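> Next one to model:
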Amino acid sequence: MGIDIADDHTWVYRYDRPSSKWLTQVEAGRYSTGPYGSGKIGLSITNVPLARQHLQRVRTIQGRSAPHALIQAVISGEVVDQVQADAEGNYELQAPAWYGTTKLEVRTQPLGGPRATTELHHQLTPASLVPPRKMYYSAYAREDAYALDLQYGVHERLTLRGAWSHAQGRTQTSSGFTFNPVTFMALSGQLDFPSTRWLTMLRMWRSGLHLNASVDAQHGELFNTNIAASAGKGPFSLLLRGGQLVQVGRYRSLILYPEIWLHHRAGLLMQANWGLNRLRGPLVQAVTSRSWRFAAGWSFARLRLITYAERDHTQEVYGAEGLLTLRQKSLTFSAGWDINHQVPVASLSVQVTSPFGRLFAHGQRNAHGFTYSQQAQGSIHMWPGLALTPSGHQESAAELRIFEDLNGDGEQDTNERILPHIDAQLYQGGWTRLKTGALYSAHLEPYQRYQVRILEASVRDPLLHPATGWTFSFTADPGRRKIIQVPMQSLVRVAGQITALDRAPLRLKVLLNSEEHAEVYRDGGFALQVRPGRYTLTIIDVLDQEVLAEKSVEVGTVPIHVTIDLEKDRI
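Sure, this is the predicted structure:
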């Protein structure tokens, strides 16, 4: 059960089981703002699939406002897109649509008018593949508006969609599909009536490579073509977030936006991008605008600090930005100087998290003035399985539990405690330390892959090794807190003795699985420290590289002694 105490007086019931692949919500209340006027009574029912899916990450929002007004798309207090309406008041916003339902707020500021005010609220649900013979549905009914959205999984690789809506005397319908012919490619199409607008999207993803392409046509004419690609290898990643060709009548606009990122394991961060926007038309000469951004910084365990220089068509700014995390608090800040307008620019975001709720506040100062926003969310756990939460309290998070694995099974048992002194580095964000000793990071991007490094300097026992390796990665689950267990296992001592020696012991080495090696002492003895598992010990002569003997051993949780006879175990 949840209550949203913002301007929308909305009561929400959410049915959710942690192991379930479906999330069901029933929403009812009086909507004081929205596209259908104020004070409207409404009911909404939604059933969202939670299976791992490939999503359309960007949604287009079209609307009408006052001529030449400034329009902003706001998600969780952050402006994700900003455009200016044309002479007739028409505008088009591009907004990211995360997993499940993303709440989008549209703010409008008339030309020369006061600061931006909230005009509309949207709930964006991206198209996705639905499991076979399952149906996703979303329906709402208000006093003068109705809508129904259905998605049905025909096959594990094919989903059909249909939607119907009626508002302000207008009825609209759409139909479409999402087809996944192979595991790394998806094709989707959608046709809207009565506008006869057709949208086709192609998405491909391979290890380290992603490609998105879309074609938008209306009334039989090409309207928009967009290509976006990204590639990554090791600490480097290259993105092309543009490649967009927009054609409106006889006017054409070409947009290119390449970007390079470097995430070095030592904590070094570097970013460089360059943008080009070229507009051509029959009555105007070609107009070209360019933008760029260069940034470099360092990422520590709880602090990320970056200096940057950037330029777009309105401003050129030099400054610094950073992220600081301390226990249940995080602070995001930036400060710089706008050379074009000769004014300082700055922003500050503060987030405080507790077992009972979360407070988020954001303020920004630029050449156009000062803006701020704040948001409060909380939860009251009444008894197991029932909690009082706000309707927007869905986030992707990760909890890292680093514990001493005493029995070597890789799972945390009741007698295996979390080691609170061991630190880890999250390259794309920061951690906060919970009272249990675990590390926690919130507001992760669903389906995004994050890299973690266990800091060796914080491990006090030299015999402890992470079973995951010192560096590993995980994928953020949508709308869930992901529990990541990192078993710290003690290295087991393997002592051995080489017998039947026919040459000097100092000429010999012991190879472990043909990689690590140990020296042989004068008496023919050797010692290794390994994790539990099966190993092959190989004796070689370092002078002539002759392989003398091999022996397989099974290492458990207790030290063992191995005897290798150069006559009996000789290859």
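> contacts and neighbour counts: CA atoms only from here.
Fine.
> Contact partners for the closest residue to G533 other than its chain neighbours?
Distances taken as CA to CA, 6 or more residues apart in numbering put V555 closest to G533, at 5.2 Å, once the chain neighbours are dropped. When contacts are counted by CA atoms under 8 Å, 6 or more residues apart in numbering, V555 touches V492, V494, R531, P532, G533, R534, Y535.
> What remains of the residues you listed if I keep only buried residues?
V492, V494, R531, P532, Y535 (16 or more other CA atoms under 10 Å).
> how close does the first one get to L419?
The one in question is V492. 20 Å (CA to CA, to the nearest Å).
> Run a quick neighbour tally on the closest residue to Q151 other than its chain neighbours.
In space, and not counting its chain neighbours, Q151 is closest to R161: 4.4 Å by CA to CA, 6+ apart. Counted with other CA atoms under 10 Å, the neighbours of R161 add up to 21.
> Equivalent analysis for the one 10 residues further on, please.
For T171, the number of neighbouring residues by other CA under 10 Å comes to 14.
> Now do the helix or strand hosting it: distance to the chain's middle.
T171 belongs to strand 170-182 when assigned by DSSP states H and E. Here strand 170-182 shows a centroid-to-chain-centroid distance of 26 Å under the convention CA atoms, centre = their mean, to the nearest Å.
> Next, the residues that contact it from outside, please.
By CA under 8 Å, 6+ apart, the list of residues contacting strand 170-182 reads 127-129, 157-166, 186-194.
> which parts of the next helix or strand after it are buried?
Next helix or strand after strand 170-182 toward the C-terminus (DSSP H and E): strand 185-193. Applying a neighbour-count criterion of 16+ other CA under 10 Å, one finds M185, A186, L187, S188, G189, Q190, L191, D192 buried in strand 185-193.
> which residues touch the third one?
Which is L187. L187 touches T178, F179, N180, P181, T200, M201, L202, R203, counting by CA under 8 Å, 6+ apart.
> Pick out the most distant pair among the residues you listed.
P181 and T200 (15.2 Å; CA to CA).
> more crowded one of the two?
Under the criterion of other CA under 10 Å, the comparison of P181 against T200 puts T200 first, with 18 against 12.
> Tell me the most packed of the contacts of L187, by neighbour count.
Within the contacts of L187, most neighbours by other CA under 10 Å means T178, with 24 neighbours.
> is the closest residue to that residue other than its chain neighbours in a bridge, and if so with what?
What sits nearest to T178 in space, not counting adjacent residues and going by CA to CA, 6+ apart, is S188, at 4.2 Å. Per DSSP bridges, the residues bridged to S188 are T178, M201.
> and the gap between Q271 and W431?
22 Å.
> so where's the stretch 201-350 of the chain uncertain?
For the stretch 201-350 of the chain, applying pLDDT under 70 flags the ranges 205-208, 232-237, 241-252, 263-267, 281-285, 301, 327-328.
> Apply 80 and report the result again.
203-212, 218-257, 259, 261-269, 277-287, 299-304, 313-314, 325-330, 349 (pLDDT under 80).
> do the stretch 351-500 of the chain as well
Short version for the stretch 351-500 of the chain, where the test is pLDDT under 80: 351-362, 366-396, 407-410, 426-432, 442-451, 457, 460-463, 467-469, 471-481, 490-491.
> which ones are touching D86?
So D86 contacts P67, H68, A69 (CA under 8 Å, 6+ apart).
> May I see the residues you listed organised as JSON lines, with secondary structure, pLDDT and distance to D149 added?
Below are the contacts of D86 laid out as JSON lines (DSSP: H, G, I helix; E, B strand; the rest coil; pLDDT from 0 to 100; distance: CA to CA, whole Å):
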{"residue": "P67", "secondary structure": "coil", "pLDDT": "80", "distance to D149": "32"}
{"residue": "H68", "secondary structure": "coil", "pLDDT": "79", "distance to D149": "33"}
{"residue": "A69", "secondary structure": "coil", "pLDDT": "81", "distance to D149": "31"}
